[in-house]
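Student: Show me the folded form of this:
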Amino acid sequence: MESDVLLNKLFTVNSFNSLVFKNRNQTYLKAIEDILGNTGASETNLKNFQSLYHYMARSHRNEYFYKNALLNKILLGRHSVRTSTAIRELPIANNILDFLIINGVGHVYEIKTELDKLDRLQNQIASYFEAFSFCTVVTDETHLEAVREKIDQPQVGIMVLTKRNTLHVDRKAVENTNDLRHETMFKLLRKSEFETILLDEFGRLPEVNQVEYYRTCLLWFQNINILKAQQLVLKQLKLRGYINRDKQQLFDRVPSELKMLVYFSDYTQNDFDHLQAFLSHRIGDVV
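Tutor: Here you go, the predicted model:
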């Protein structure tokens, strides 16, 4: 459906911020017209987004809906933005993991909505276990039996986004450290991150030409005990968190429907203020 396509496009970081800060509202206006009709024109932007999200909850639980549920119910519900970090769409071993939460351990959440196929699931999970020790597949009730059949590893957790939009643990994830690979973990790191690790561990960096530098850094990293290496990598990845202590109160004011869009946007205080002004206004109002 066209309305579903519009929602997929609207509930992305780039599209949302283009609307809030640049007034690029074509997708937003079309979504309101198609889904909310005339009522949307007289409502605040906050009310419209809540109504669009409610429509998604009933009729189109897309990937954003799943990720936002994980952010609200696990990162914010069980943990805290002060102690935990969420990372999305992280490239790893020829795959891209959907959602990662780091809180002492790294827990991957692989999303399989009712709209997704399962043919790549086993390969995806195998790649995630090369860097992280906990993995859970998050799926719809209609997919549950198929996921159970597809996943024969007892270490892999299964979680269901129920019809009531709660997260139910069907099978708890169990730690798996048998498949960790130094090279896979190393490739997750930015240059500054692996240099920090090597400096802390060896007190210096390789003195080789640029052609050999990356390969030599990897060789040094491979000399670190693999469980310790994993913890060092998690420490660096955790520092990528967008919401620090100074921003937490501002982030707390963001509506739950929009948490994921804002979490991954690295807002300044002025950005948060602008967002609140945008949400309180109606379509067409100058913010």
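
Student: so what's the residue most central in space within the chain bridging to?
Tutor: For the chain, the residue nearest the mean C-alpha position is Arg88 (3.0 Å; C-alpha atoms, centre = their mean). For Arg88, the beta-bridge partners are Phe99 (DSSP bridges).

Student: Now stretch 49-58: buried residues?
Tutor: 49-53, 55-56 (16 or more other C-beta atoms under 10 Å). Where you see a C-beta, it was placed from the backbone N, CA and C, and this is true even at glycine.

Student: Please identify which of these is nearest to Leu115.
Tutor: Among the buried residues of stretch 49-58, Met56 lies closest to Leu115 (C-beta to C-beta), at 12.1 Å.

Student: who does the longest helix along the chain touch, helix- and strand-wise?
Tutor: When the chain is parsed with DSSP state H, its longest helix is helix 45-59. Under the contact criterion of 3 or more C-beta pairs under 8 Å, 6 or more residues apart in numbering; DSSP states H and E, helix 45-59 touches helix 2-10, helix 63-70, helix 269-280.

Student: which secondary structure elements does the second one contact?
Tutor: Pointing back at helix 63-70 there. Looks like helix 63-70 contacts helix 45-59, strand 95-103, strand 105-112, helix 259-263 (3+ C-beta pairs under 8 Å, 6+ apart).

Student: Using a markdown table, lay out the ones you listed together with mean pLDDT and distance to Lys228.
Tutor: Output for the helices and strands packed on helix 63-70, formatted as a markdown table (pLDDT from 0 to 100; distance: least, C-beta to C-beta, whole Å):
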| stretch | mean pLDDT | distance to Lys228 |
| --- | --- | --- |
| helix 45-59 | 95 | 42 |
| strand 95-103 | 95 | 16 |
| strand 105-112 | 96 | 14 |
| helix 259-263 | 95 | 29 |
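
Student: Export those as a markdown table, with columns for distance to Leu188.
Tutor: Formatted as a markdown table, these follow (distance: least, C-beta to C-beta, whole Å):
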| stretch | distance to Leu188 |
| --- | --- |
| helix 45-59 | 31 |
| strand 95-103 | 10 |
| strand 105-112 | 10 |
| helix 259-263 | 20 |
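
Student: I'd like to know which of those lies nearest to Tyr242.
Tutor: Of the helices and strands packed on helix 63-70, nearest to Tyr242 by C-beta to C-beta is helix 259-263, at 5.9 Å.

Student: which residues are contacting that closest one?
Tutor: Helix 259-263 has contacts (C-beta atoms under 8 Å, 6 or more residues apart in numbering) with 11-13, 16-17, 64, 67-68, 71-72, 76, 81, 86, 88, 242-243, 251, 254, 275.

Student: again, only using 10 Å
Tutor: 10-17, 20, 49, 64-72, 75-76, 81, 85-86, 88, 99, 241-243, 247, 250-255, 271-272, 275 (C-beta atoms under 10 Å, 6 or more residues apart in numbering).

Student: Show me the helices in the stretch 101-250 of the chain, by range?
Tutor: Using DSSP state H, counting those that start in this stretch, the helices assigned to the stretch 101-250 of the chain run over residues 121-128, 144-150, 182-186, 191-202, 210-221, 226-238, 248-252.

Student: And the longest one, what's buried?
Tutor: Using 16+ other C-beta under 10 Å as the burial criterion, the residues of helix 226-238 that qualify are 229-230, 232-234, 236-238.

Student: Just the buried positions in stretch 152-163, please.
Tutor: 155-161.

Student: from those residues, which is closest to Gly203?
Tutor: Gln155 (36.6 Å).

Student: tell me the contacts of Phe194?
Tutor: Neighbours of Phe194 in contact, by C-beta under 10 Å, 6+ apart: 185-188, 205, 214, 217-218, 220-221, 232-233, 236.

Student: Of those, select the buried ones using a ChimeraX command.
Tutor: If you want just the buried ones from the contacts of Phe194 in ChimeraX, going by 16+ other C-beta under 10 Å, the selection is:
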select :185,186,187,188,217,220,221,232,233,236
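
Student: pLDDT added to the contacts of Phe194, as CSV?
Tutor: CSV is the format used below for the contacts of Phe194 (pLDDT from 0 to 100):
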residue, pLDDT
Met185, 98
Phe186, 98
Lys187, 97
Leu188, 97
Leu205, 97
Tyr214, 97
Cys217, 98
Leu218, 98
Trp220, 98
Phe221, 98
Leu232, 98
Val233, 98
Gln236, 97
